[in-house]
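1. fold the stuff below for me.
(2 chains)
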Amino acid sequence: MDLRRALLRAAAARPHVLIIGGLGTDRLRARVEQEVARRGWPVASAPADADVVVVIGRPGPELRAVIDGVWTGVPAPRSQIWITDEDEVSSALDDSVQELADLAAQRAHAPRSGLPAIHTGVFPPEQGHDISEQSGHDEPGEHGHHHHDGGMELPGGLAMADLGEDRDGLALDQLHVPLGPVLPEWPSGLVVDIVLQGDVIQEARSRFLDDVAAVERQPDAARALDSAARVLALSGWEGPAARARGLRDVLLFGGGETVRILEELDDLRRRVRRSRLLRWVLRSAGAGRSEVLEALDDKLLSARAAVAGAGAEAPVATDLPSLDARLVGVEFAAARLIVAVADPLPQPALARPTDQGGAS
Amino acid sequence: MNVALPLGWAVLLPVLLLAVAWAAVAADVVVAGRAAGRPVPWTTAAALPGREALRLLVGQRRRAVAGDELLRGVGGAVLPIAALLAAAVLPLGLRPVADLGVGIVWFNAMEVFAWAAVWLVGWGANSTMSLIGGYRFVAQGLGWELPHMFALITAAIGAQSLRVSDVVAAQQGLWFVVIMPVAFVAFLLSVAAMAFWGPFGAPVGRDLAGGAAAELGGVDRLVVLTGRWLLLVAAAAMAVPLFLGGGHGPWLPAWAWVLVKTLAVLAALVGLRHRIPTIRMERWTEFSLVVLTPATIAQALVVTLVVLGEGGV
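-> Predicted coordinates for the structure are as follows:
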C-alpha cells in the first residue's frame, strides 16, 4: 500500500493539464495557462493525455455536456477542478495534485468494472439529419447519438460512414465530425461541424456553444498575441508560441516594462519573417493558406501597435459564415491554421448594427 | 566472415538503446525549455523521462467503442520491437549483435514496420483524429522511403557489401559522409520522418490532438512513445556505421567512438528540431519526390562511377 501511495505521488508531480472554457473565458484561461507554464506542467493534447481537467468560468449546459463526455475519457488517476476566479488558480492546481496522489479518491474515480469505454465521435448521424453533435472528439454514447435516432443501430450505438464523391469524383467514405470545443490551440467555445473525406473538409458549419449574451473582450493586443501563439504552435514552433503566450500574460497581468515587451515582440516578428522554412510550410497553392503567414505578421504588428499605444486598429475578426466558406475544400492541417488565424467572435461582439445573436 | 558479438549482448542491446533514448528525451526537454524562454534545469530534465514513464504506468488504459483493440495493440507493440530488431545489425564498436550478410536490407525491412505500426494504431483507435494521423504517416512514408532506400544503397555501393560491418571496414581511411553527403542528409531526414518525430511529427501532431496516439492512455501510450524514441535512436545510430566511419577513430576504443558519434547525431537532430516548423504532408511529399529522390539517385550514380573507376565491382 505504501509503495502504491509513493508511486501515485511521484506520478502526480507533473500532471498534464487539459483546460476547458466557454466563450469569454480567455482572460481566466490565460491566467491558468500562465500558472501551468510557470510550474512546468505540460498542456494535454487530448483527454487521453490528461491528468487534470481544469474547467474555467461557468460553462453553460451545452459545454457542460461536453465536459462530462471528456471526463469519461480521462484515464485515472485524474482530477477535475473548476476555477471561476483568478485568485483560485494556484490553490486549485495544488489541490488537483493532492487529489491525484490520493489513493482513496482515485479508487472512487476508477470503477472496478473494467476499462472505461469511450465513444470517439467518429461516426456520423444518419444522412439528412442535422449535424449538430455536441462534443469534441471524445464523448460517451449517451451524448454521442441521442439526436440522430431512427438510424440503424450498430454495435456500440455507432453509425457507419456515408459515401460521397471526392475532389476527383470517386465515391469515398465521408465522416461527420464536430471539431472542438476541446482541441489544442482552438478558440474557446467554438464548434465546427464538418463533413470530412480523408483529411479534406467538404462542408463546415461553425457555431459557438451556449449562447453567451455579453462576451468579455480581451484587450486587442492580448487577443492578437493569443491567436498568433495558436498559429505558431500549430505550425510546430512551440518555442516561439510559448514566448508569444508569455508576452500576452505580461500584457494581461503585468510584470514587464513596455520597452522589453516591444523588444521581444520585434524579435518574434523578425524570426517569423525571416524563417524561410515557415514560409515554405505555410505557403501553398490552395485557398487561404498563403494568407496565414501574412495574417500572423499582421497580428504581431497590431499587437505591437497596441502596446506602443500608436493608433491601435481593431483586430480583424472573422464572422462564422465567412469562416465556414474558407474551410470548405481545404485539408485538415490547413483548416486548423485558418481557424487559428480567423479567431472568430460571436456576432454581438463584432459591434454590428444587426443583432442576430451569437450562436445558431 | 561472421564477426557477431557474443549472445549476451542481445540482452544488453535494449538496455543500451533505452539509456540513449533517455538521454535524448532529457536533452530534448532542455532544448525545448530554452526555445520557450523557460529554461528547465538539467536535474529536472534528467529525471523527466522516468517520471513520465511512471505517470503512464500508473495511468489507466483506455479502449474506444468499437475500436479494434487487437490491431491497436499489435501496432503499438511492433514499434519498439522493430526498433530493437533494426538495432541488432548495428555495430556496437566494430561488431554487431547479428552480423547478417544482408544487414542493410534487414535494417530497412525493420524500419518499414513502422508504416504498419502507426497505421494500425491510428486505425484501431476508431477515432477521426487517429485515423487522419494514420493517413498522414502513410503519406509521409511514401515520401521518405525512396530517398531512404537510395541513401542506404549508396553506402552499400561504396563498401560493395550489404553487410554493415563491411561498410564500417570500408571507411577505415575515409568516412562515407565525405563522398556521399547528399545520401547522408537524406538519411538524416528519413530518420526523423520514420520516427514521426520533430518536424515530421504531423502524424501525432498537436493539431490532431495527438493524431495516431490521440486515444492512447496508460501503458499503451508508453509503449508507442517509447517505441518512437527507440526508433529514432536506432536509426540515428545507424548513420554512424553507414556514413560516419563507425567505430574508427583515434585514441578512444571503437565502442566509445560509436557512442560519441551516435550522441552527436542525436544532439544535432534534437538541436535542429526546435528551429524547424512541422512540415506539412503536401509540402514534404512534393519536396521528397521532386528534389530528394532525384538527388539521392544522382548521388548513388556518382558513387557507383567512382567505385567503377577505382576498379571495384
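2. where along the chain do the strands fall?
-> No chain specified, so I'll use chain A. A:17-21, A:52-56, A:79-83, A:117-118, A:162-165, A:171-179, A:190-197, A:200-208 (DSSP state E).
3. sorry, I should have been clearer: chain B.
-> Using DSSP E, strands in chain B cover B:63-64.
4. could you give the average pLDDT over stretch B:161-179?
-> Mean pLDDT, stretch B:161-179: 88.
5. residues of that stretch that come out buried?
-> B:161-171, B:175-177, B:179 (16 or more other C-beta atoms under 10 Å in any protein chain shown). Every residue, glycine included, has its C-beta placed from N, CA and C.
6. name the nearest of those relative to chain A.
-> residue B:177 (23.1 Å; C-beta to the nearest C-beta).
7. ok, that closest one to residue B:288 distance?
-> If you measure residue B:177 against residue B:288 using C-beta to C-beta, to the nearest Å, the figure is 21 Å.
8. with residue B:44 instead?
-> 37 Å.
9. what's the closest non-adjacent residue to residue B:112?
-> Spatial nearest neighbour of residue B:112, excluding adjacent residues (C-beta to C-beta, 6 or more residues apart in numbering or on different chains): residue B:145 at 7.3 Å.
10. what about the helices in the stretch 101-250 of chain B?
-> For the stretch 101-250 of chain B, the helices defined by DSSP state H, counting those that start in this stretch cover B:103-124, B:128-159, B:164-170, B:176-179, B:181-194, B:218-243.
11. so the last one, near chain A or not?
-> Yes - interface with chain A: helix B:218-243 contributes B:218, B:221 (C-beta under 8 Å from any C-beta of the partner chain).
12. circling back: need the helices of the stretch 101-250 of chain B in TSV (columns: distance to residue A:307).
-> Shown next, in TSV, are those (distance: least, C-beta to C-beta, whole Å):
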stretch	distance to residue A:307
helix B:103-124	43
helix B:128-159	36
helix B:164-170	57
helix B:176-179	48
helix B:181-194	37
helix B:218-243	39
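13. picking up where we left off before, least confident of the strands of chain A, on average?
-> Across the strands of chain A, the lowest-scoring stretch is strand A:117-118, with a mean of 50.
14. number of residues surrounding the closest residue to residue A:341 other than its chain neighbours?
-> Closest residue to residue A:341 apart from its sequence neighbours, by C-beta to C-beta, 6+ apart: residue A:295 at 4.4 Å. Using other C-beta atoms under 10 Å in any protein chain shown, residue A:295 has 22 neighbouring residues.
15. from chain B, how far off is residue A:295?
-> From residue A:295 across to chain B, the span is 16 Å (C-beta to the nearest C-beta, to the nearest Å).
16. surely that residue touches residue A:340?
-> No - taking contacts as C-beta atoms under 8 Å, residue A:295 lies outside contact range of residue A:340: 9.3 Å.
17. shared neighbours of those two, anything?
-> residue A:231 (C-beta atoms under 8 Å, 6 or more residues apart in numbering or on different chains).
18. of all the helices of the stretch 101-250 of chain B, which one comes closest to residue A:322?
-> Of all those, helix B:128-159 sits nearest to residue A:322, with 24.7 Å by C-beta to C-beta.
19. how far out from the middle of the chain is the closest one?
-> 11 Å (C-alpha atoms, centre = their mean, to the nearest Å).
20. for residue A:261, give its distance to chain B.
-> In terms of C-beta to the nearest C-beta, residue A:261 sits 13 Å off from chain B.
21. for the closest residue to chain A within the stretch 151-300 of chain B, give me its contacts.
-> Nearest residue of the stretch 151-300 of chain B to chain A, counting by C-beta to the nearest C-beta: residue B:278, 2.7 Å away. Residues counted as contacts of residue B:278 (C-beta under 8 Å, 6+ apart) are A:235-236, A:281, B:199-202, B:205.
22. what about 10 Å?
-> By C-beta atoms under 10 Å, 6 or more residues apart in numbering or on different chains, the contact list for residue B:278 reads A:233-238, A:281, A:333, B:198-202, B:205-207, B:284.
23. what do you get for residue A:282?
-> A:231, A:235, A:272, A:275, A:289-296, A:334, A:337, B:277, B:280, B:283 are the contacts of residue A:282 under C-beta under 10 Å, 6+ apart.
24. which residues does the nearest residue to residue A:39 once chain neighbours are set aside contact?
-> Counting by C-beta to C-beta, 6+ apart, residue A:39 lies nearest to residue A:93, which is 7.1 Å off, once chain neighbours are set aside. By C-beta under 10 Å, 6+ apart, the contact set of residue A:93 is A:15, A:17, A:32, A:35-36, A:38-39, A:41, A:52, A:54, A:79, A:81, A:83.
25. next one: residue A:343
-> Here residue A:343 is in contact with A:187, A:190, A:223-224, A:226-228, A:230-231, A:295, A:299, A:315-318, A:323 (C-beta under 10 Å, 6+ apart).
26. swap in residue B:270?
-> With C-beta under 10 Å, 6+ apart, residue B:270 has these contacts: B:23-32, B:197-198, B:232, B:236.
27. cool, and residue B:143?
-> B:189-190, B:193, B:200, B:279, B:281, B:283-289, B:292-293.
28. show the buried residues in those residues.
-> By 16+ other C-beta under 10 Å, the contacts of residue B:143 give B:189-190, B:193, B:200, B:279, B:281, B:283-285, B:287-288, B:292-293 as buried.
29. for these, give me TSV that also has pLDDT and distance to residue A:261.
-> Output for these, formatted as TSV (pLDDT from 0 to 100; distance: C-beta to C-beta, whole Å):
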residue	pLDDT	distance to residue A:261
B:189	92	37
B:190	91	42
B:193	90	38
B:200	91	34
B:279	88	31
B:281	83	36
B:283	83	33
B:284	86	36
B:285	86	40
B:287	89	37
B:288	90	41
B:292	92	41
B:293	93	46
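30. pick the one among those closest to residue A:166.
-> Looking across these and measuring by C-beta to C-beta, the closest to residue A:166 is residue B:281, at 16.6 Å.
31. you'd agree residue B:10 is up against residue B:88?
-> Yes - using C-beta atoms under 10 Å, residue B:10 is in contact with residue B:88, at 7.4 Å.
32. where in the stretch 201-313 of chain B is pLDDT low?
-> B:312-313 (pLDDT under 70).
33. for it, what lies in contact range of chain A?
-> By the rule C-beta under 10 Å from any C-beta of the partner chain, the part of the stretch 201-313 of chain B lying against chain A is B:201-202, B:204-211, B:213-218, B:220-221, B:273-284, B:286-287.
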